[in-house]
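1. generate coordinates for the sequence data below:
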Amino acid sequence: MAEVVIVENEAAAGALVADTIVSLIRSKPDVVLGLATGSTPLASYRALARRIADDSIDVRGVRGFALDEYVGLPAGHPESYRAVITREVVEPLGLTPELVRVPNGDPATIEHAGADYEVALTAAGGVDLQILGIGRTGHIGFNEPGSSLASHTRVKTLTEATRADNARFFDSPDDVPMHCITQGIGTILRARHLVLLAFGEVKAHAVAAAVEGAVSANQPGSAIQLHPHTTVIVDEAAASQLEHLDYYRHAWANKPAWQGI
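-> Residues are numbered from 1 along each chain as shown. Down below sits the predicted model:
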């Protein structure tokens, strides 16, 4: 069973994630972080940036791997995940840009881009902590419903629901790419610690299916149940459909402080 932590708001979640990552950096200066994009992890990145600045933490050796990238966006496009990761993670945290990787969405090399990324992940020793969001359809990364639970980094076709959700970042819904390259579910499960964040009632069904539903390719997020160290951090609204909510509160309230998340 995943550990479920119910917090008051995104800021509280961000503080908890920042504490965990700071501890990792102090124990392993070349820690490998798995980086999600979108609005969900922003509070965590901002809290981490403040901690790094306030405590003068040396992050020059920290490495990062993004979950996914759109296929076909021109170099420098502001909504490419390379640009987003640079803008929201690398620059605010002061990471070394060369140590942060993003899948290559260039159509000219897309046929082997997935395999190349898997090689890079393996060479880095794997991800120590993977930050995840979850979509309304239950997708993690860009692994849409029906994705193999053993899948590796590869090209996927986005559902119209996912394209509609991401249209707010583009001038027109038609500008949202049809394809992406994403770490597979099997790739994600190789990370040593998964931290899944979700906020708002719109995510409640997906959270309940991921945490308490059947493990199924129809609900890609449910694959977190197969991982030995998963932490799900949600606000009250996102937790509202969880059947064992009282137990999760009880377990968190009585957890030894030294265990962290």
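2. help me confirm that residue 180 is found in a strand?
-> Yes. With DSSP: H, G, I helix; E, B strand; the rest coil as the criterion, residue 180 is part of a strand.
3. burial measure for it, as a count.
-> As a burial measure, residue 180 scores 25 neighbours (other Cβ atoms under 10 Å). (Glycine included, C-beta is placed from N, CA and C.)
4. equivalent analysis for residue 133, please.
-> Going by other Cβ under 10 Å, the residues that sit close to residue 133 add up to 21.
5. before we move on, what about residue 171?
-> A count of neighbours around residue 171, defined by other Cβ under 10 Å, yields 8.
6. again with residue 11
-> As a burial measure, residue 11 scores 13 neighbours (other Cβ under 10 Å).
7. what do you get for the one 10 residues further on?
-> The number of residues packed near residue 21 is 26, by other Cβ under 10 Å.
8. that one and residue 62, how far apart?
-> Distance of residue 21 to residue 62, computed by Cβ to Cβ, to the nearest Å: 9 Å.
9. tell me, what's touching these two both at once?
-> 31, 33 (Cβ atoms under 8 Å, 6 or more residues apart in numbering).
10. I figured residue 8 hits residue 235, correct?
-> Yes. Counting by Cβ atoms under 8 Å, residue 8 does reach residue 235; the two are 7.0 Å apart.
11. so for these two, which sits in the more crowded spot?
-> A side-by-side neighbour count of residue 8 and residue 235, using other Cβ under 10 Å, places residue 235 first with 21 against 9.
12. what's near enough to touch that one?
-> By Cβ under 8 Å, 6+ apart, residue 235 lies in contact with 6-10, 13, 198-200.
13. what's the helix or strand that contains residue 15 in contact with?
-> Assigned by DSSP states H and E, residue 15 falls within helix 10-27. If you take Cβ under 8 Å, 6+ apart as the criterion, helix 10-27 is touched by 5, 7, 31, 33, 41-48, 50-52, 55, 57, 59, 62, 128-129, 131, 195, 197, 199, 233-235, 260-261.
14. which among these count as buried?
-> Among these, those scoring as buried are 5, 7, 31, 33, 41-48, 51-52, 57, 59, 62, 128-129, 131, 195, 197, 199, 233-235, 261 (criterion: 16 or more other Cβ atoms under 10 Å).
15. and the residues you listed, which of them are in helices?
-> With helices taken from DSSP state H, the overlap with the buried ones among the contacts of helix 10-27 comprises 42-48, 51-52.
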